[in-house]
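Participant: structure for the following, please:
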Amino acid sequence: MISIHIPENKKVYFASDQHLGAPTQEASFPREQKFVNWLNQIKDDAEAIFLLGDLFDFWFEYKTVVPKGFVRVLGKLAEIRDSGIPIYFFVGNHDLWMHDYFEKELNIPVYHSPQKFILNNKTLLIGHGDGLGPHDKGYKRMKKVFTFPLFKWMFKWLHPDLGVRLGQYMSVKNKLISGDEDAKFLGEENEWLVQYCKRKLETAHYDYFVFGHRHLPLHIQLQEDSKYINLGDWIQYYTYGSFEKDKLTLKKY
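Facilitator: Predicted structure coming up:
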């Protein structure tokens, strides 16, 4: 568990689901520029930055090769991290094959499951959100296949030109693999991340649950002193989370 003290004039920022590279790198380039502009804007008062997955629409790390492109966003993250601002990255369902490139090249820790953080006096559970809760069974089965060591070993033997192209095609075309759904609020009883949060509250207290994956900005009161925040995306909404003093709010860029 990591505890972060936020000075009076600083904030902690959260963003998720940029899906850079979708449906093509050319088409996503304006979104990459917009996200880099946002990073430029927040770096002056950021105490820390949390990226909650699906930064890329597809990502696979070969031993000596990573997917081509995304130089601007990777360079900006490197610049911010080198300035001393901590960045925490949570793997999403589109970049679940991330290994240690961010850690070695950018000094950014990578998490593959939800983690507990303390911001000032508030307790947060933070993660991407895929495969959690009582539903999403099709994706859960698919994720077991994709993360199975033998499958990853077999995929890495594909030439990167073929492997990355195949991965990008599957990521864009197949919603079962991507785990994406139409971004419509289903009601608290049908939002599986809400159900997941409520179950977690049965055994421990969290002031905030912060997730992405749903591509829908959500702010739901679970209990009097506990809230679920979904960060939305950088495809349609361009929303992000801002934690200042002891409060987390959703904002639009």
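
Participant: from now on I want contacts and neighbour counts done on CA atoms only, so please keep to that.
Facilitator: Fine.

Participant: Arg72 and Lys34 touch, don't they?
Facilitator: No: using CA atoms under 8 Å, Arg72 is not in contact with Lys34, being 10.8 Å away.

Participant: sketch out the low-pLDDT regions of the chain for me.
Facilitator: For the chain, applying pLDDT under 70 flags the ranges 65, 67, 135-182.

Participant: which residues of it fall in strands?
Facilitator: Along the chain, the stretches classed as strands by DSSP state E are 2-4, 11-15, 46-51, 87-90, 110-111, 115-119, 122-126, 208-211, 217-223, 226-231, 239-244, 247-252.

Participant: show residues contacting the last one.
Facilitator: Looking back up the chat, that one is strand 247-252. With CA atoms under 8 Å, 6 or more residues apart in numbering as the test, strand 247-252 has contacts from 208, 217, 219, 229, 231, 237-243.

Participant: among those, name the buried ones.
Facilitator: Among the contacts of strand 247-252, those buried by neighbour count (16 or more other CA atoms under 10 Å) are 208, 217, 219, 229, 231, 238-243.

Participant: now the strands of the chain in TSV, with distance to Leu132?
Facilitator: As requested, the strands of the chain are arranged in TSV below (distance: least, CA to CA, whole Å):
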stretch	distance to Leu132
strand 2-4	22
strand 11-15	19
strand 46-51	18
strand 87-90	14
strand 110-111	15
strand 115-119	13
strand 122-126	12
strand 208-211	10
strand 217-223	16
strand 226-231	14
strand 239-244	21
strand 247-252	22
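
Participant: now the end-to-end length of stretch 37-52.
Facilitator: By CA to CA, to the nearest Å, the extent of stretch 37-52 from end to end equals 18 Å.

Participant: got the contact list for that stretch?
Facilitator: Under CA under 8 Å, 6+ apart, the answer for stretch 37-52 is 6-7, 9-17, 76, 80, 85-92, 126-128, 211-212, 253.

Participant: so which bits of it are buried?
Facilitator: Buried-residue list, stretch 37-52, by 16+ other CA under 10 Å: 39, 42-43, 46-52.

Participant: mean neighbour count, the strands of the chain: which tops it?
Facilitator: Sort those by mean neighbour count, taking mean count of other CA atoms under 10 Å, and strand 208-211 sits at the top with a mean of 26.
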